[in-house]
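Asker: I need the structure of the sequence given here:
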Amino acid sequence: MERMSHDAFDLSRTFVHLGLEGGPTATPLPDFTFTPECLADYAERFARDGRGGRLVSVLEQDRTWDSWERHPAGEEVVYLISGRVDLVQEREGTEHVIEMHAGEATVNPTNTWHTARVHEPGWALFITPGAGTEIRPAG
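Answerer: Sure thing, here's the model as predicted:
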């Protein structure tokens with residue numbers, strides 16, 4: 001099946017779902033927000049992709065996160081485009097801090113709670129297994 005081409009868009013304002021249904025696909029999601037309601041709608045819309053679907057986003061990292069998140073459907077790639085951030089993973093009840101500088105990447109393991117402490121504002125690229133993502137407040 002031939003897919004319709006898309007016009008150019010700003011990846012920092014439009015998330016993209018990488019899917020498997022009907023062959024590898026890339027579906028822009030211009031109205032996506034990282035809220036529990038939007039995540040539930042996303043999970044339902046792309047359920048056929050199962051654990052193989054991925055959500056791609058470029059997000060400004062302008063302040064320390066006020067929440068933790070985890071992704072039970074798989075590992076998440078984080079690439080820091082600019083800025084300086086400590087990615088904090090909760091491992092066996094303790095905080096594991098990964099110092100990240102522009103141009104560096106890391107992986108959040110499956111089902112690992114993580115947050116970020118921003119030291120220098122910048123931008124990050126996330127490739128996330130979005131299905132089943134959970135969010136909890138920091139603190």
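Asker: which stretches of the protein aren't confidently modelled?
Answerer: Under the criterion of pLDDT under 70, the regions of the chain flagged as low confidence span 1-6.
Asker: now the helices: where do they sit in this protein?
Answerer: If you assign secondary structure with DSSP state H, the helices in the chain sit at 36-45.
Asker: ok, which stretches of it are strands?
Answerer: Counting by DSSP state E, the chain has these strands, from start to end: 15-19, 25-29, 54-61, 67-70, 76-80, 84-91, 94-101, 105-108, 114-120, 122-128, 134-137.
Asker: Note down every partner strand of the first one and its orientation.
Answerer: Taking DSSP bridges as the criterion, strand 15-19 pairs within the sheet with strand 25-29 (antiparallel), strand 54-61 (antiparallel).
Asker: Give me the contact list for the shortest one.
Answerer: Think strand 25-29. Where contact means CB atoms under 8 Å, 6 or more residues apart in numbering, the residues beyond strand 25-29 that reach it are 3, 6, 9, 14-19, 42, 46, 55. Every C-beta, even on glycine, is put in place using the N, C-alpha and C of the backbone.
Asker: Of the strands paired with strand 15-19, give the one that comes closest to Glu95.
Answerer: Each of the strands paired with strand 15-19 has some distance to Glu95 by CB to CB; the shortest is strand 54-61, at 18.2 Å.
Asker: Reformat the strands paired with strand 15-19 as JSON lines; add distance to Thr128 and mean neighbour count.
Answerer: Written out in JSON lines, the entries for those read as follows (distance: least, CB to CB, whole Å; neighbours: other CB atoms under 10 Å):
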{"stretch": "strand 25-29", "distance to Thr128": "12", "mean neighbour count": "15"}
{"stretch": "strand 54-61", "distance to Thr128": "5", "mean neighbour count": "19"}
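Asker: In JSON lines, list those along with distance to Asp86.
Answerer: As requested, the strands paired with strand 15-19 are arranged in JSON lines below (distance: least, CB to CB, whole Å):
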{"stretch": "strand 25-29", "distance to Asp86": "28"}
{"stretch": "strand 54-61", "distance to Asp86": "11"}
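Asker: For Trp123, which of those is the nearest?
Answerer: Once CB to CB is applied to these, the stretch that comes out nearest is strand 54-61, at 5.7 Å.
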